[in-house]
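Peer 1: Sequence isn't available, so here's the structure alone:
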């Protein structure tokens, strides 16, 4: 019951009490609305027909706008409020469909309490109806480290802002680590200026702000030329620093919640350059999370394109042609590949849906590298136009979520493109060409990879690198971790050897290739080596194949000691299926009853593979024969058979080599081989 107010009295306490009662009533109505939403969600739990009603959502928003206009209330304000209510409704329903949260969720963010990131993390917890207290870390990298170490269950990181654009470091972390996007949130960024007490703005000498605050409040800061802007920690940290200093000439930019928590006085609200300033956050986990097909979803991927004209356009046409709407396309430099780029794509779709799975299969074939970051409930979708009204500006008023969800069939099993393996010629008619810097491996080219079986010293590998380069070699090979039959044989120099190999390659301008023997070695070696080699003994090490398949590095896959061509191609499929199309096959001889050579070099495999697969194939006559006197003839034969290149072992003093001495060529022998190779014609290839 609202109290009668005497308008002649200046005391406003009665008005404030009335306002408190109205606010309590609003909260009660919101709770009542959410109870109804919960019941709707319960009844839809086992729905089997399409239940999305976008038209109803638009009617709800249009209706409350009309009521607001009739009552003289800001229609824009009411629309924003109801969009948040709808967003909360969608989150609650999605959470129920995807399985209720159990136990306490540990969720991390970058910053301190009362920052915008903290608010986004709490919003995500509320949407999942989960318990937990978000934990702040100083840097984005520390948040990711805590997630990967299992210290937290989820991490909420900002990925883009409607005013300042993308957060580059987050894209780098997504590329570098095994992270999956399992959700997204948006938060309206409303910066304020606060100090220890109410002072004139002209008296301020210094203003503390997070870096993004300085960028997003630039126009306001220009009105205070006497105050020196100073970059600080996050949207809450500057407030704490100002409170601790107690200096009235120092102010802070941050959230109003942070100012209130520190007991500061807000000098100016709404100082952000753009009124419609939103930050989109991604929710990360260490494993992907399935999303019920009835929930409107988005999928995020990272891809790099093939060295082909129109390659990016073909990738985008796959999404367009399969009915998937792309919501974001971002390019980033490709590490270690100057003037090459990775693309980050978001599109509307769920990997559980057959049409999305099929589109991703096509993308795997069209792209050079594809990493699926995950499917997750969509909170930011393209707003639909309302009849008789102008369409909303994208992201102008925050998320435009749908009230209902879409029903789809059960999650299909993993599929293969057109029923064929991705490595099959039937899946891709054109030859795959693998690019390593400015070097192209495959197609009509012929690539020679040469170097010592094992890196033994800086002098040895550097001298070999220079000789290989000067005599027409294209790639420097060298083993740093060596799989040896005897446990007492030389096992390589390890990480020290990798440093020596990479240094020799950089000095001579040659890309380097070296063998990866274990899952835990893959990411570290990939940071330095240009090509990763999977040896014959590891051809069916499926965990290792999956791991290198997740990396954006070319992989040379050697044929197993006693493997059939079908088994070899199936091993390549493990890599390609993870998204890495940069696979080079290497025939290195197989074990037979013949004892005249170390192995039996199966040159017929070159013709068979070129017929059955689009992947490039090279030949290793060093391991294929085990005897240096046979290396050159088999190298010539490999070129004539149609191989795309050779893998040759070269050593300054072969007889003193610590591994595979009998099959290593001397400098003189390698020079003679290279001069003779050019005279060997390749196979006739009809136009």
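Peer 2: Sure thing, it's come through. In this text, all values refer to a predicted model and were calculated from it rather than measured experimentally. Numbering: from 1, shown residues only.
Peer 1: switch to C-alpha atoms for all contacts and neighbour counts from now on
Peer 2: Fine.
Peer 1: Look up phi and psi at the closest residue to residue 437 other than its chain neighbours.
Peer 2: Excluding its sequence neighbours, the residue lying closest to residue 437 (CA to CA, 6 or more residues apart in numbering) is residue 337, at 6.0 Å. Here the main-chain torsion angles of residue 337 (degrees, to the nearest 10) amount to phi -130, psi 80.
Peer 1: Over to the one 5 residues further on?
Peer 2: Backbone geometry at residue 342, expressed as degrees, to the nearest 10, gives phi -100, psi 150.
Peer 1: Now it: closest residue in space that isn't a chain neighbour?
Peer 2: Using CA to CA, 6+ apart and skipping residues adjacent in sequence, the residue nearest residue 342 is residue 304, 4.8 Å away.
Peer 1: what kind of secondary structure is that neighbour in?
Peer 2: Residue 304 falls in the strand class when you classify it by DSSP: H, G, I helix; E, B strand; the rest coil.
Peer 1: so it touches residue 337, yeah?
Peer 2: No. Taking contact to mean CA atoms under 8 Å, the distance of 11.3 Å between residue 304 and residue 337 leaves them out of contact.
Peer 1: more neighbours, those two?
Peer 2: It is residue 304, of residue 304 and residue 337, that has more neighbours when counted by other CA atoms under 10 Å, with 25 against 13.
Peer 1: what bridges to residue 181?
Peer 2: Following DSSP bridges, residue 181 is listed with bridge partners residue 284.
Peer 1: How about the contacts made by it?
Peer 2: Listed by CA atoms under 8 Å, 6 or more residues apart in numbering, the contact set of residue 181 reads 282-285, 288, 300, 373-376.
Peer 1: need the helices for the stretch 501-650 of the chain, in chain order.
Peer 2: According to DSSP state H, counting those that start in this stretch, the stretch 501-650 of the chain carries its helices in the segments 519-526, 542-549, 565-577, 604-612, 621-625, 628-641.
Peer 1: correct me, but residue 250 touches residue 197?
Peer 2: No. No contact is recorded between residue 250 and residue 197 when judged using CA under 8 Å, the distance being 10.2 Å.
Peer 1: Identify all contacting residues around the biggest strand by length in the chain.
Peer 2: If each strand of the chain is counted by residues according to DSSP state E, the longest one is strand 367-377. Strand 367-377 is contacted from outside by 94, 174, 179-184, 288-291, 295-306, 311, 315, 349-351, 363-364, 550, 552, 578-582, using CA under 8 Å, 6+ apart.
Peer 1: any idea which helix or strand carries the closest residue to residue 330 other than its chain neighbours?
Peer 2: When the adjacent residues along the chain are set aside, residue 330 lies closest to residue 344, with 5.0 Å between them (CA to CA, 6+ apart). Assignment of secondary structure by DSSP states H and E places residue 344 within strand 341-348.
Peer 1: Describe which strands that strand pairs with in its sheet and in which direction.
Peer 2: Looking at strand 341-348 with DSSP bridges, its partner strands are strand 297-305 (antiparallel), strand 326-333 (antiparallel).
Peer 1: got a list of contacts for the helix or strand just after the longest one?
Peer 2: Tracing the chain C-terminally past strand 297-305 and defining elements by DSSP H and E, one meets helix 311-321 next. Residues lying outside helix 311-321 but in contact with it, judged by CA under 8 Å, 6+ apart, are 305, 325-326, 359, 362-363, 366-367.
Peer 1: Show me which positions of stretch 139-151 end up buried.
Peer 2: Buried residues in stretch 139-151, counted by 16 or more other CA atoms under 10 Å: 140, 143-144, 146-148.
Peer 1: picking that back up, residue 250 and residue 197: which is more packed in?
Peer 2: residue 250 (21 against 17).
Peer 1: hey, what's that one bridged with?
Peer 2: Each beta-bridge partner of residue 250 is listed here, defined by DSSP bridges: residue 206.
Peer 1: How about the contacts made by it?
Peer 2: For residue 250, the residues meeting the contact criterion (CA under 8 Å, 6+ apart) are 195, 204-208, 242.
Peer 1: For those, give me CSV that also has neighbour count.
Peer 2: Shown next, in CSV, are these (neighbours: other CA atoms under 10 Å):
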residue, neighbour count
195, 28
204, 19
205, 16
206, 18
207, 24
208, 28
242, 24
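Peer 1: so which of those residues would you say is closest to residue 508?
Peer 2: For those, the minimum distance to residue 508 (CA to CA) is 48.7 Å, reached by residue 208.
Peer 1: now that closest one: how far from residue 445?
Peer 2: Here the distance between residue 208 and residue 445 works out to 58 Å (CA to CA, to the nearest Å).
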